[in-house]
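*Asks:* sharing a sequence plus its predicted fold:
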Amino acid sequence: MRRSGMSEGRYAIELRRVTKTYVMGKGLRVEALRGVTLGIEHGEFVSIMGPSGSGKTTLLNIMGTMDRPTSGRVIIDGMDVTDLSESKLAVIRREKIGFVFQFYNLLSTLTALDNVVLPLLLTGKYTESEARERATYLLEMVGLGDRLHHRPYELSGGQQQRVAIARALANNPSFVLMDEPTGAVDTATGARIMNLCKLLNRYFGQTFVVVTHNPAVAKMAERMYYIRDGMISEGQPPEDFYSHALDREEVNRLVRLQLKLLEVDLRALRRLYSKGGIEERRYNEYKRAIAERLGRLEAMVMGRG
Amino acid sequence: MARWLVAIGLLAVICLASADPWVVVGKSVTYEYRVRADAVEGSVKVDIRLSNKGSTDAVVCLADVVKGVDADSIVILNAPTPPLIVRVGPSLHLLKWDKLRVRAGDEVRIEYEGRPLTEPPVKVGYHLFVNGREVRGSRVPVKLGDEVKVAVEIVNSRGKLLVNGRALDRPLNVMMILNAPEGLELTSYSVPPTSPIPGLSAKAWLLRVNDRTWVNVTYRVKSMGSWGEVVQQPLSLECYLTPTPDELSVYKTQAEALERELRAVNTSLMIVREVKRGLSEGARALRSLNIEVPKAKPPEELLKAARGLRNVSSYMMAMGMIMHNASTTIERELHNVKFPVPVGAMMGGALQRLANLSKFLGEAANTSISMAHALEDMSAGLELAYYRMLNLSAEARSLGSEINERLSSFRDALMGAEHSMGLLERLLSALVEGEARILDDLRARVRALEYIAKSSEGIGPMVSFAEVRPIKGYPIVKKIGADLWALDEVRVRGVRLDLKPLYMVINVSGGQIAGIQYYDSRMWRPLLNYSMADITLDLRGAVIPAMGLNISDNMLRHPTLGRLRVLIRAREAPGVNALLLYMQSDDTVKVERVNIRYSITIEQPTLSSLRKYMISEKIGVRQWSGMWWVTTVMAIPIACAILYLMIRGALMRRVGRDAEVDEMMKRVREMLERTET
């Protein structure tokens, strides 16, 4: 894994002169991306908007390491992941990136809780009881504390999407990639989902990248990019991004849930330390990430008095 | 029947109480198939939601297109009023609700279920092997240590899609979930699960199925439970008929490339028309000059002829420049057209013609400019002759014969130019006609690609709002053999452009439908697989996708197959009635993408140590004796692995606690206390 000195720490994800060309046989080529350069900082809420066929999905696949660029570099959390092996990329996807899809992609045979537990168990950091506790808090955070044991088909589209968001947040990803997150729900539910993301971004510094063709959804972001014919340009930031104020009690509830999540993480960290179940380097990374989240929450709690 | 449908059709228009409301309609369709032994039981559940985002109430007349569902089996689970069920054609019905009121800011939900007439897009073959031998039945005898292999064959049964005589793949994304129960130990699999799930027994495979694929999972019987059996959960498969991003982007890119091609052809067409118009005017000017020049008498007429020539010269120069620009523009447009897929014969021909046109215009431009220079020289010669005649009148007569010769040569040159222009004009006219034909072909091709993209999105067959309209005029039936008639033309009149035709329904009386043929490479060819073309038919009727209908030539067309004809077996001329099913488009109503999900569950047999008619006295013990060596052999690597993990754990284990973590924990707890109040 190569470290990129330039972008370390600052960007959750950075693309440098990324191109993607599909060769369709007999020498015919489609240029889906043409030299895209883009940097999304930690704690940003960014939308990428463009019409169908503009290269949005290709860009999303490359940002999510699901596809490799033809040329250019992809840097996630300061690490150049462009040439990593598929198995290493799988680890990056699991630990650094959260995915939210248009059609939720929940496992229909698992309950909402198990859908969130699943990625937590995959990391090997948590015991099953820790994973369940953490998943419960995450589902409470997205307002589904009373739907833990429902299966996806027993939930509405909006509720399924909120489960998908909880699942995406499960492993404290560096950034969450959302592909048309409101495409399959009605407008009001879509607005609620986007408000939830905005809130998680604003109060807890979670980085979100939303790819959409819907201008109303794109405008909810702090920064907007437009993509057309495989080329990207930055748009004017919406004026009212920070204007929406939250109910004090709601913020308090969310802060407490975040603290409980941290408590679970610290317990898991303590266990990993004493049992020797984690390498020194990963342990320190993990600890540093928790310390950062704790610092942000502390500043917030103290700031509110 | 037709009159009845007319009456229904008139009612099916979406009408709103005011122009303001914005009604969003969402629809999801879930097909569930349960396979038990050899029996398949299927159900389809449809969920429609109408949300009024506006500030005033809306009144909506809803017609839901139901294709491939047994109408008699439909049960309405939730709806403000019962619907009227109208049969439109084979396997095609409308569920109609008149005047549904959707209150401002509110939602109306309609749910119904029925029995599907269509098979799922995947066929699943389930095979169970015990110690390498295939076994069947709801209870399968096994013993401890037996190897149990589950082999699942998944076949994409959607069929290919025929486009311009070529069969295109329609790959499916399928998720297979297999729950391994306690008592079975997973030993191997042919395809690794997409997400191996430690701590959970479910394994999931995300598979892209082009044609068919196999997944084999092998277990070893580890324990049989207190009842001496292992109950296996059903195997489940799910697939969505939504296209994968790459699949759709390929189609969209193709459609966009073709649109660019259309733009290039359009630009060229405009240029061709402009040049043609200019040439026609030029030819007229030359003809008039041709008449006047022989009549020219020195000296004034000579000057007039010289000026005429100069005008024609500058005209030819301008034409040359226009043609030069046209040539460059066409070349540039051609350069911009990049085809993501191999270009078919028709497209190749179109591109070749454009390239030829560009080359021709370039050459014509050069000829025109050279001719302009020649005319300019001739004009100068005439003027010179005029001035010389004025000043040297005595010499005029002596020059007479020379001037006459020159005029004669001018006339020949002009007649030659006129002839060349006539040829150019005819050639250009032929090109214009050819381009127009290419344009039509290209537009049909774009429609076909749109249809492919949309049918893979699930929009085509299950659109929510529709209107039934009889076609004005009569379909044309031709006798093509003994007792055999063909319908390949329908007269369509008064089609509203804002309505998008979805299906053409053809009902036959006095005969029976014998089949469908499509026109390919100058031959009528039989269509052998109707599902490949999204066509349903029975003896009395046929439902054909109508998105490719070309109202200008009345030909019966299919969006991807092109020209089509329905064969009817009848002694006398059969009666034929054709209807168009439209999708209503309205600025105030938005129909969101239809989500179609297929879920297939397959019962798995119970694995039992109890043999039929015989209860073993020593369940699970008798088998053990023969398996000791397997256990011993397997125990060695397991023991090594455990030893390795213990040593590694011991090396990594840390003594004491991390003070930083303790400190952080303390801070978290303090904040939790602080925020409690």
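*Replies:* Great, that's in hand.

*Asks:* which strands border whichever strand or helix holds residue B:85, and is each parallel or antiparallel?
*Replies:* Following DSSP states H and E, the helix or strand that holds residue B:85 is strand B:84-89. Strand pairing for strand B:84-89, using DSSP bridges, gives strand B:92-102 (antiparallel).

*Asks:* what average pLDDT does the partner strand get?
*Replies:* When pLDDT is averaged along strand B:92-102, the result is 84.

*Asks:* how about the CA coordinates for it, as CSV?
*Replies:* Extracted C-alpha coordinates of strand B:92-102, given in CSV (Å, rounded to 0.1, in the frame of the first residue of the first chain):
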residue,chain,number,x,y,z
LEU,B,92,-53.0,-8.2,-21.2
HIS,B,93,-55.5,-6.6,-18.9
LEU,B,94,-56.2,-3.2,-17.5
LEU,B,95,-57.3,-2.6,-13.9
LYS,B,96,-59.2,0.7,-13.9
TRP,B,97,-60.1,3.0,-11.2
ASP,B,98,-62.2,6.0,-12.2
LYS,B,99,-61.9,9.2,-10.2
LEU,B,100,-59.5,8.3,-7.5
ARG,B,101,-59.2,11.2,-5.1
VAL,B,102,-55.8,11.9,-3.7
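
*Asks:* distance of residue A:254 relative to chain B?
*Replies:* Distance, residue A:254 to chain B, using Cβ to the nearest Cβ, to the nearest Å: 10 Å. Every C-beta, even on glycine, is put in place using the N, C-alpha and C of the backbone.

*Asks:* do the same with residue A:291
*Replies:* Noted for residue A:291: a distance of 6 Å to chain B, by Cβ to the nearest Cβ.

*Asks:* and that residue, which of the three is it?
*Replies:* Each residue gets one of three states, and residue A:291 gets helix by DSSP: H, G, I helix; E, B strand; the rest coil.

*Asks:* how about the contacts made by residue A:98?
*Replies:* A:167-171, A:173, A:175-177 (Cβ atoms under 8 Å, 6 or more residues apart in numbering or on different chains).

*Asks:* so which of those also contact chain B?
*Replies:* Among these, not one lies near chain B by Cβ under 8 Å from any Cβ of the partner chain.

*Asks:* okay, buried residues for the longest helix seen in chain A please.
*Replies:* With residue count as the measure and DSSP state H as the assignment, chain A has helix A:248-275 as its longest helix. Judged by neighbour count using 16 or more other Cβ atoms under 10 Å in any protein chain shown, the buried positions of helix A:248-275 are A:251-252, A:254-270, A:272-273.

*Asks:* and if you look at stretch B:83-98?
*Replies:* Within stretch B:83-98, the residues scored as buried using 16+ other Cβ under 10 Å are B:83, B:86, B:88-97.

*Asks:* hang on, the earlier thing: show the average pLDDT along the strand holding residue B:85.
*Replies:* If you average the pLDDT over strand B:84-89, you get 84.

*Asks:* hey, C-alpha coordinates of it in CSV?
*Replies:* Taking Å, rounded to 0.1, in the frame of the first residue of the first chain, the C-alpha atoms of strand B:84-89 are listed here in CSV:
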residue,chain,number,x,y,z
LEU,B,84,-62.9,-2.6,-13.4
ILE,B,85,-60.9,-5.4,-15.0
VAL,B,86,-60.8,-5.0,-18.8
ARG,B,87,-59.3,-7.7,-21.1
VAL,B,88,-57.3,-5.9,-23.8
GLY,B,89,-55.6,-8.9,-25.5
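
*Asks:* quick one: list the elements packing against the longest helix of chain A.
*Replies:* Here helix A:248-275 touches helix A:128-141, helix A:187-204, helix A:280-304, helix B:659-676, going by 3 or more Cβ pairs under 8 Å, 6 or more residues apart in numbering or on different chains; DSSP states H and E.

*Asks:* what's the span of stretch B:153-172, first residue to last?
*Replies:* Using Cα to Cα, to the nearest Å, the end-to-end distance of stretch B:153-172 comes to 14 Å.

*Asks:* let me redo that: stretch A:18-34
*Replies:* Distance across stretch A:18-34, first residue to last, is 7 Å (Cα to Cα).

*Asks:* next, count neighbours for the closest residue to chain B within the stretch 151-300 of chain A.
*Replies:* Nearest residue of the stretch 151-300 of chain A to chain B (Cβ to the nearest Cβ) works out as residue A:276 at 3.0 Å. Neighbourhood size, residue A:276 [other Cβ atoms under 10 Å in any protein chain shown]: 16.

*Asks:* please parse chain A into its domains.
*Replies:* Using automatic domain parsing, the domain parsing of chain A gives A:43-64+A:83-241, A:245-305.

*Asks:* burial-wise, tell me which of those domains comes out on top.
*Replies:* Of all these, domain A:43-64+A:83-241 has the most neighbours on average by mean count of other Cβ atoms under 10 Å in any protein chain shown, namely a mean of 20.

*Asks:* CA atoms of stretch A:288-304 as PDB?
*Replies:* In PDB, the C-alpha atoms belonging to stretch A:288-304 read as follows (Å, rounded to 0.1, in the frame of the first residue of the first chain):
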ATOM      1  CA  ARG A 288      -6.600   7.300  16.800                       C
ATOM      2  CA  ALA A 289      -9.900   7.200  14.900                       C
ATOM      3  CA  ILE A 290     -11.800   6.700  18.100                       C
ATOM      4  CA  ALA A 291      -9.900   9.600  19.800                       C
ATOM      5  CA  GLU A 292     -10.800  11.900  16.900                       C
ATOM      6  CA  ARG A 293     -14.500  11.100  17.100                       C
ATOM      7  CA  LEU A 294     -14.400  11.500  20.900                       C
ATOM      8  CA  GLY A 295     -12.700  14.900  20.600                       C
ATOM      9  CA  ARG A 296     -15.300  16.100  18.100                       C
ATOM     10  CA  LEU A 297     -18.100  15.000  20.400                       C
ATOM     11  CA  GLU A 298     -16.400  16.500  23.500                       C
ATOM     12  CA  ALA A 299     -16.100  19.800  21.700                       C
ATOM     13  CA  MET A 300     -19.700  19.700  20.800                       C
ATOM     14  CA  VAL A 301     -20.900  18.800  24.300                       C
ATOM     15  CA  MET A 302     -18.700  21.400  26.000                       C
ATOM     16  CA  GLY A 303     -19.700  23.900  23.400                       C
ATOM     17  CA  ARG A 304     -23.300  23.500  24.200                       C
END
